[in-house]
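With the input below, show me the fold.
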Amino acid sequence: MASYQHAFNHILTHIRKLIEETDYNGHELINHPLTSWYDMQTIGFSQGELSHLLRELYCAEIWQQLGCDQFRDQQLANLFFDFALATNGNLTLRLIQICLDLPVNGKLSDQLIQRINESESEWLQQQFEHIQLNFYCAMQSNRKIYH
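Alright, predicted model coming up:
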């Protein structure tokens, strides 16, 4: 089953890389909630303290909302978790439901978990990334997404 600690480490490493590669002269801004957590690490919070804070905030609020600990595929859990951190859990669940052609209500269900675990991981990842891209394009152009 997917591991929150693995997902947390993956996301924090990804954010750290983005921050290190960003030009802070106004050329590129990173809009991700974990950038503030990275900043907290640079001012002296230990990895253990941050891990505890993040686990308390994000695990309860997002990881569990998505049911990621019930996913058999860690990469899917990482993908969904990262998107939910940048947006929100309900939207993430809605997009997953669209990918799997399930009724869309933004709520976790046993059927949703079962379909995620039964799906071929690479296929679901491609489907989700495609709909995620459509979402971001729609947001950029102030259009609504209909399903």
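
Can you tell me the closest non-neighbouring residue to residue 63?
Counting by CB to CB, 6 or more residues apart in numbering, residue 63 lies nearest to residue 4, which is 5.0 Å off, once chain neighbours are set aside. Where you see a C-beta, it was placed from the backbone N, CA and C, and this is true even at glycine.

Count residues in the vicinity of the one you found, would you?
18 (other CB atoms under 10 Å).

Would you mind confirming that it makes contact with residue 69?
Yes - Residue 4 lies in contact with residue 69 (CB atoms under 8 Å); the separation is 6.6 Å.

So for those two, which residues contact both of them?
By CB atoms under 8 Å, 6 or more residues apart in numbering, residue 4 and residue 69 have these common neighbours: residue 63.

how about the helices of the protein, start to end?
4-20, 34-42, 47-54, 64-66, 74-86, 89-99, 110-118, 121-140 (DSSP state H).

mind putting those in CSV, mean pLDDT included?
Compiled in CSV, those are given as follows (pLDDT from 0 to 100):
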stretch, mean pLDDT
helix 4-20, 72
helix 34-42, 67
helix 47-54, 75
helix 64-66, 92
helix 74-86, 91
helix 89-99, 95
helix 110-118, 97
helix 121-140, 90
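
got the contact list for the spatially closest residue to residue 115 that is not a sequence neighbour?
Nearest residue to residue 115 in three dimensions, chain neighbours excluded: residue 100, at 4.7 Å (CB to CB, 6+ apart). Counting by CB under 8 Å, 6+ apart, residue 100 makes contact with 112, 115-116, 119, 124.

Name the nearest residue to the residue nearest the centre of the chain, sequence neighbours excluded.
Against the mean C-alpha coordinate of the chain, by CA atoms, centre = their mean, the closest residue is residue 82 at 2.0 Å. Nearest-residue entry for residue 82: residue 11, 5.5 Å, with adjacent residues in sequence omitted and distances by CB to CB, 6+ apart.

quick one, what contacts the one you found?
Counting by CB under 8 Å, 6+ apart, residue 11 has contacts 34, 78, 81-82, 85.
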